[in-house]
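*Asks:* got a sequence here, can you build the structure:
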Amino acid sequence: MTSAQTSPIAFLKGHGTENDFVIVPDPDNGIDLPAAVVARLCDRRAGIGGDGVLHVVRSAAHPEARAMADEAEWFMDYRNADGSVAEMCGNGVRVFARYLEHAGLITAGEVAVATRGGVKRVHLDKDGSVTVSMGRALLPEAGVTVTVGDRSWPARNVNMGNPHAVAFVDSLDHAGDLHAEPPYSPAEVYPDGVNIEFVVDRGPRHVAMRVHERGAAETRSCGTGACAVAVATARRDGADPAETGAPVTYTVDVLGGTLLITEHPDGAVEMTGPAVIVAEGTVDPDWLVGGTAGNVTATA
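*Replies:* Numbers count the residues shown, from 1 in each chain. Below you'll find the model as predicted:
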């Protein structure tokens, strides 16, 4: 937040399968969002509350996105709840696209969204669901062992523009409380940290997961994590669309709902799920920078 910022700041609140976000519209990139400000916005007791912040900026106005401006007008400047910068958020990009439609900046149909993980193609379906082309999964050979209490599991390394470690377990309860990041080794496999998914089978091509997200602890859902889980599960099951020439689809249950993940023969991964705007209002800048006189107002 710049010292010159004295007027109330508009925000919205949205979620995708209960992975929730504070949305800060800022087309000209005039609002500074240091880590402390993001954490204050995301505080569930003293702030608005969220798993992260979706900073909505025109690509041409942001130094990290200018090179993508010809391909995507809007940049999702995503921050985790602790203020750290993240490459990508699958649920976030669906909510981001829903906000653009809500604000009248786009119409239903196709939209390109610039992210630190590249340009993502998004389709807003007439039934209210949103489908995102998430790009290709990378499967680095180096994996890790994840430990919770006295249990340990090998975890598959999957990168969806951000890093994931996918562990198959007998019960989701074995993941523990997920307040703190589960230890993993060797740590050098993920020098910038990792999102850790714990996965159980629910039926044919149907799994359920819990996740510890970098910078946010356990969340109700993780879109890139669901994609990583689907790809890791397909390989575990011996399915590789690049070899068979046929797409493979998995239903992935998260704590906040269900996502449908399809991997195509060309490697492209698509995710379909809901995205909802639930409220909007203003934030007093005095409160946001730590003052005591400020307040938050919102309307559903």
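*Asks:* quick one: contacts for residue 96?
*Replies:* For residue 96, the residues meeting the contact criterion (C-beta atoms under 8 Å, 6 or more residues apart in numbering) are 23, 54, 56, 74, 76, 113. No exception for glycine: its C-beta is placed from N, CA and C like everyone else's.
*Asks:* quick one: low-confidence ranges for the protein?
*Replies:* Per-residue confidence of the chain (counting by pLDDT under 70) places the weak regions at 1-6, 291-300.
*Asks:* next, name the residue at the spatial heart of it.
*Replies:* Among the residues of the chain, residue 89 comes closest to the average C-alpha position under C-alpha atoms, centre = their mean, at 2.3 Å.
*Asks:* where exactly do the strands run in the stretch 101-250 of the chain?
*Replies:* Under the criterion DSSP state E, counting those that start in this stretch, strands of the stretch 101-250 of the chain are mapped to 110-115, 118-124, 129-136, 144-148, 151-159, 163-168, 184-185, 195-203, 206-213, 217-218, 248-254.
*Asks:* name the surrounding residues that touch the last one.
*Replies:* Meaning strand 248-254. When contacts are defined by C-beta under 8 Å, 6+ apart, strand 248-254 is touched by residues 17-19, 202, 205-211, 220-222, 226, 229-230, 233-234, 239, 241, 258-263.
*Asks:* for the spatially closest residue to residue 58 that is not a sequence neighbour, grab phi and psi.
*Replies:* Spatially, and ignoring its direct neighbours in sequence, residue 58 is nearest to residue 27 (5.0 Å; C-beta to C-beta, 6 or more residues apart in numbering). Backbone torsions for residue 27, taken as degrees, to the nearest 10, come to phi -50, psi -40.
*Asks:* okay, now residue 238: neighbour count?
*Replies:* Burial of residue 238 is recorded as 8 neighbouring residues (other C-beta atoms under 10 Å).
*Asks:* what does residue 109 give?
*Replies:* Residues within reach of residue 109, counting by other C-beta under 10 Å, total 11.
*Asks:* going forward, count from 306.
*Replies:* Shifting the count to begin at 306 puts that one at residue 414.
*Asks:* from residue 404, how far off is the closest residue to it other than its chain neighbours?
*Replies:* Excluding its sequence neighbours, the residue lying closest to residue 414 (C-beta to C-beta, 6+ apart) is residue 429, at 6.4 Å. Taking C-beta to C-beta, to the nearest Å as the measure, residue 429 falls 11 Å from residue 404.
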